[in-house]
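Visitor: Sequence plus the predicted model coming up.
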Amino acid sequence: MSGGGGGGGGGGSVPSRFADYFVICGLDTETGLEPDELSGENFEQTPLRRTFKSKVLARYPENVEWNLFDQDAVGMLCMPKGLAFKTQADPREPQFHAFIITREDGSRTFGFALTFYEEVTSKQICSAMQTLYHMHNAEYDVLHAPPADGRDHSGMEDGEGTPGTKLQRFNSYDISRDTLYVSKCICLITPMSFMKACRSVLEQLYQAVTSPQPPPLPLESYIYNVLYEVPLPPPGRSLKFSGVYGPIICQRPSTNELPLFDFPVKEVFELLGVENVFQLFTCALLEFQILLYSQHYQRLMTVAETITALMFPFQWQHVYVPILPASLLHFLDAPVPYLMGLHSNGLDDRSKLELPQEANLCFVDIDNHFIELPEDLPQFPNKLEFVQEVSEILIAFGIPPEGNLHCSESASKLKRLRASELVSDKRNGNIAGSPLHSYELLKENETIARLQALVRRTGVSLEKLEVREDPSSNKDLKIQCDEEELRIYQLNIQIREVFANRFTQMFADYEVFVIQPSQDKESWFTNREQMQNFDKASFLSDQPEPYLPFLSRFLETQMFASFVDNKIMCHDDDDKDPVLRVFDSRVDKIRLLNVRTPTLRTSMYQKCTTVDEAKKAIELRLAKIDHTAVHPHLLDMKIGQGKYEPGFFPKLQSDVLSTGPASNKWTKRNAPAQWRRKDRQKQHTEHLRLDNDQREKYIQEARNLGSTIRQPKLSNLSPLVIAQTNWKFVEGLLKECRNKTKRMLVEKMGREAVELGHGEVNITGVEENTLIASLCDLLERIWSHGLQVKQGKSALWSHLLHYQENRQRKLTSGSLSTSGILLDSERRKSDASSVMSPLRISLIQDMRHIQNIGEIKTDVGKARAWVRLSMEKKLLSRHLKQLLSDHELTKKLYKRYAFLRCDDEKEQFLYHLLSFNAVDYFCFTNVFTTILIPYHILIVPSKKLGGSMFTANPWICISGELGETQILQIPRNVLEMTFECQNLGKLTTVQIGHDNSGLYAKWLVEYVMVRNEITGHTYKFPCGRWLGKGMDDGSLERVLVGELLTSQPEVDERPCRTPPLQQSPSVIRRLVTISPNNKPKLNTGQIQESIGEAVNGIVKHFHKPEKERGSLTLLLCGECGLVSALEQAFQHGFKSPRLFKNVFIWDFLEKAQTYYETLEQNEVVPEENWHMRARNFCRFVTAINNTPRSIGKDGKFQMLVCLGARDHLLHHWIALLADCPITAHMYEDVALIKDHTLVNSLIRVLQTLQEFNITLETSLVKGIDI
């Protein structure tokens, strides 16, 4: 026997005992019955169903300095509902549950509690209960004068009480007739979570109390043994120690295995089914608020612990209270992510449950196999294959993947039946065929039949299953029980390995993207909030498209940030966080297997290969027990030791239990307190150095971004404590808001501006969506903090509706019509102004827009759409300020401590939101792509040149990134109109033209404006050219390229805004063609520069992720686009002809074409290559000339350049034209096109476009099919 062999920490410096405390809770006969008001108003309940305060009656030892005893917390969590009374008529099965106490610093202690019922011997208590009954019955009679059928109004079913009594069994307690029982709880507090072992210890102690013969030794001996003589098993070892009746085994994973986890995963899959488990898992990873709901404390705990364990290597960073004591229900109001478990009190009715906020709540009704999800939950990557892999394991273990409610109920009963038989059989020596019998029971069970059918469908051979069961039922009993345990271990590790493998595959090369701080650690900590610690954009750009919705949100979570912080903190291996060490070693293995480094991105699903190895490690530990602890022995106790009365847990002798043996080498007391804390925090770690304390502190500080509260203070709550908690929440929300807005602005303005050295940035796409979704989420949490009464699932939308209603009441119906958009009276040409009547800013109007969108069905969806619209209009801060300016309403809806009623914080919050006005968002337009949107068009003809005589019928056609309109006929003489069509996205081009009818079919259009009437985005399409035969270049239609006008927020005051200087239409192009003589001359350097910039713009466009690209049309045909740059190149040194006759570049190109065609006929061909190019050039020019559209010469030139760019021919054509004799005639000697070095550099620049796949917008190439 290796006595106390092997301390857990480094050689004796840490007391590594299996358990820290043994605690007894229950009824304190001194203080008597104290109703527990905090556990809910329960006076209308019958006295037996009320809750009374429980007390910690005893604890051994009094205190250990490395884990100070928290009386309130232990009392609340041992008996979260307080004391329960029953009579002999009620079922009184003992119930086991585990719990967790989380400290301020995030470290944890585990508790394991067994609650059973003891007869009440105190006469005072019995008579007090009797008195309560008399009072209750008297009130009851008054309230329910003639009771209809004598039923209890608490809705309990009739019992088997004496049929004559007016009140049924649940209602009755008669001191002369009934025996009163009260709940009592024995509990172990331990540093590590060995759930099965602790459960076994407690059940055997309870067995000793209830069995007819006294136990072999006094109970003190066993408790002393567990507290002082049983060590924690060292990592990678197993340990055996003695319970009252049988040996107890626990085993601990080594430092390179997955961390210790001792709850049955099987149960979670049985209770919820694979699909629900996956949804819940996804919610937890994205840090939604999660509320578990069940009437079994142990189930709450098992589900919570399993979900958090499956997240490996990530760790839940927020409030974590798997069992929420009844007195802390107000904590559900917490406006932060949480994972909490709520006892359902036997109420199956979810609708009675008042939850403060449900916009981003995941509600899990464990007992009813049911889960409510938050809206738009993204899919976990490779979910189908993942589910398949997990289901195969479950089927092999005989668990139906869709879960099985009845199965779990009956199976747990069977297990209990078997365990109790085991204990009694051992003493009576009659080893009956009970296991076989229970197996038969299962075999007859219909669920097994269903299972077998399912198994056949999935093609797993059934023989294997049968074989698995048979030997276990023939072997002797002891192994049968261990076999069951072994199967739980095996299933646990298999499922956990599969989950861990998913993350290892998904984040196999995460290290590449970790941004190591350039400065020293100290300053890194101080600026932690400003720092980016992970290159999210690059990481995401490598990922397969379907993963993005999930991953982009996951990278924003606190758990991911903490994970990366840990990575940055631990450069060297020896001070690595143990979880990280295990993960990194797995990642390294994968990278060895996949030699496709540095990126292993593949959407190929790779199954888990580590299962067998992991199973073997556990089986080895269980087969060969490494350590055996000292056996329990008699203690030096007072006379009358171990006085024993069946059915009652004895009062233990505290003097023998309060201190342990002095000699044992692993209970040295000299360990500094923080070591113990450290050991617990790192539960699975060995080599820790003390300086890590420092590091821990930093990580904690760095991470406390509003998540300071990991667990509510478990104490009796005074209003003061509640106020402090809420104040912490308010501060946390404000901090979170500051960080979110900053993060979003940095994303929007910073990333690419820095990378590409320019100021104009577009992030759209996944990342922006994620950030905006998380902003909506934050707003919902702020709006639901301190709500008086919850209405609907979205607190924000509900507040907006109240506001809308109030306004409607104030406005009489007459004045209502004017709010909203000012409708344009169709203006006649005479008063056509160049100004669009401004859009009114109206909160209510924006709500109406959202309410009119049929696609959005839910309140949460409406609130989100409204936030997106307000962001896009740069009105979010202003609207919310207006909403909150109705103080009466805010007072009516919110409690005093609510965030929205803390004036300073509210002001700061609105101020943070104001900063969004600095950037352009398209978060509404880009998301609601199918809705109908009204567009308003204004055409501004030139005032000078006889616009009013125009006789032809104009038309217009508008294109955007999402689509284009039909050709819209414009009624003659109308310059302003509104029409509705499906969302076009950001607008790119307008085609405008006329039918050339009437006497005066010439039209000089200055520009066209188009406004999206919902988002208010206004686009200007400069023209400045004639439309008419014989005018300008003879064009009847033109393609205009638009740009968005940057709006000033004070739209009301300023009716029309000229766009900022650099965006105004370049004068050059306009004048060129009206009178070529007086155009400003650009020198060759400037021309080269503008071509370089145009090409550069296109290159950058293609280097952005696909979802984040802007409009290519703008880069080709816009002000500084490729077309105008090449136009300048061809214009340079162009010989000006006689006065008043315009010559266009197109004329030159047509001549060149004729030249090449005649060459072809004379067949004077220099070389094959050249021949190919010439033929191509001619084909394109001919095709463009033959188009049915009446585009002018400049329009044709634009089309040629666009087609040349698309087909990568531009540089060939330039080379061709530079050598063409026609060029010699039409250009002066100084012309750019005659200078060979310049032409060569131009060709080189244009060649860079070859690698890109340029797709042209239909408006640019209509009517051409090449």
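Guide: Nice, I can see it. Numbers count the residues shown, from 1 in each chain.
Visitor: how about Glu964, what does it touch?
Guide: By Cβ atoms under 8 Å, 6 or more residues apart in numbering, the contact set of Glu964 is Cys957, Ile958, Leu984, Thr1258, Ser1259. (Glycine included, C-beta is placed from N, CA and C.)
Visitor: Pull the number of nearby residues for the residue nearest to His1236 when sequence neighbours are not counted.
Guide: Distances taken as Cβ to Cβ, 6 or more residues apart in numbering place Ala1218 nearest to His1236, at 7.3 Å, with adjacent residues excluded. By other Cβ atoms under 10 Å, the residues close to Ala1218 number 18.
Visitor: Next, give phi and psi for Ala1218.
Guide: Backbone torsions of Ala1218, given as degrees, to the nearest 10, read phi -60, psi -30.
Visitor: okay, it: pLDDT?
Guide: For Ala1218, the pLDDT comes out at 83.
Visitor: which residues touch it?
Guide: Counted by Cβ under 8 Å, 6+ apart, Ala1218 has contacts Ile1233, Lys1234, His1236, Val1239.
Visitor: roughly how far apart are it and Leu1200?
Guide: 16 Å (Cβ to Cβ, to the nearest Å).
Visitor: Kindly report the same for Lys728.
Guide: To Leu1200, Lys728 is 67 Å away according to Cβ to Cβ.
Visitor: Pick out whichever of the two has more residues nearby.
Guide: It is Leu1200, of Lys728 and Leu1200, that has more neighbours when counted by other Cβ under 10 Å, with 23 against 15.
Visitor: surely that one meets Phe1180?
Guide: Yes - at 6.0 Å, Leu1200 counts as touching Phe1180 under the criterion of Cβ atoms under 8 Å.
Visitor: In a helix, His97, correct?
Guide: No - His97 is assigned strand when assessed by DSSP: H, G, I helix; E, B strand; the rest coil, not a helix.
Visitor: Renumber starting at 9 from here on
Guide: Shifting the count to begin at 9 puts that one at His105.
Visitor: Pretty sure it sits against Ala121.
Guide: Yes - judged on Cβ under 8 Å, His105 makes contact with Ala121 at a distance of 5.7 Å.
Visitor: if we can go back for a sec, just the buried ones among the contacts of Ala1226, please.
Guide: The neighbour-count test (16 or more other Cβ atoms under 10 Å) marks Ile1241, Lys1242, Val1247 as buried among the contacts of Ala1226.
Visitor: what would those look like in TSV with distance to Val190, pLDDT and secondary structure?
Guide: As requested, the buried ones among the contacts of Ala1226 are exported to TSV (distance: Cβ to Cβ, whole Å; pLDDT from 0 to 100; DSSP: H, G, I helix; E, B strand; the rest coil):
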residue	distance to Val190	pLDDT	secondary structure
Ile1241	102	83	helix
Lys1242	107	82	helix
Val1247	100	86	helix
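Visitor: Rebuild the residues you listed as a markdown table, extending it with distance to Gln323.
Guide: Converted to a markdown table, these look like this (distance: Cβ to Cβ, whole Å):
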| residue | distance to Gln323 |
| --- | --- |
| Ile1241 | 66 |
| Lys1242 | 70 |
| Val1247 | 63 |
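Visitor: Counting by contacts, list what the helix or strand where Leu299 lies packs against.
Guide: Following DSSP states H and E, the helix or strand that holds Leu299 is strand 297-302. Counting contacts by 3 or more Cβ pairs under 8 Å, 6 or more residues apart in numbering; DSSP states H and E, strand 297-302 packs against helix 282-293, helix 305-317, strand 346-351, strand 369-373.
Visitor: which one of the ones you listed lies closest to Cys578?
Guide: Of all the helices and strands packed on strand 297-302, helix 305-317 sits nearest to Cys578, with 21.6 Å by Cβ to Cβ.
Visitor: Using PDB, write down the CA coordinates of stretch 730-745.
Guide: In PDB, the C-alpha atoms belonging to stretch 730-745 read as follows (Å, rounded to 0.1, in the frame of the first residue of the first chain):
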ATOM      1  CA  ILE A 730     -28.800  44.100  -4.800                       C
ATOM      2  CA  ALA A 731     -28.100  47.800  -5.400                       C
ATOM      3  CA  GLN A 732     -24.300  47.100  -5.600                       C
ATOM      4  CA  THR A 733     -24.800  44.200  -8.000                       C
ATOM      5  CA  ASN A 734     -26.900  46.400 -10.200                       C
ATOM      6  CA  TRP A 735     -24.400  49.200 -10.100                       C
ATOM      7  CA  LYS A 736     -21.700  46.800 -11.200                       C
ATOM      8  CA  PHE A 737     -24.000  45.800 -14.100                       C
ATOM      9  CA  VAL A 738     -24.500  49.400 -15.100                       C
ATOM     10  CA  GLU A 739     -20.800  50.100 -15.100                       C
ATOM     11  CA  GLY A 740     -20.200  46.900 -17.000                       C
ATOM     12  CA  LEU A 741     -22.700  47.700 -19.600                       C
ATOM     13  CA  LEU A 742     -21.200  51.200 -20.200                       C
ATOM     14  CA  LYS A 743     -17.800  49.700 -20.400                       C
ATOM     15  CA  GLU A 744     -18.900  47.100 -22.900                       C
ATOM     16  CA  CYS A 745     -20.600  49.800 -24.900                       C
END
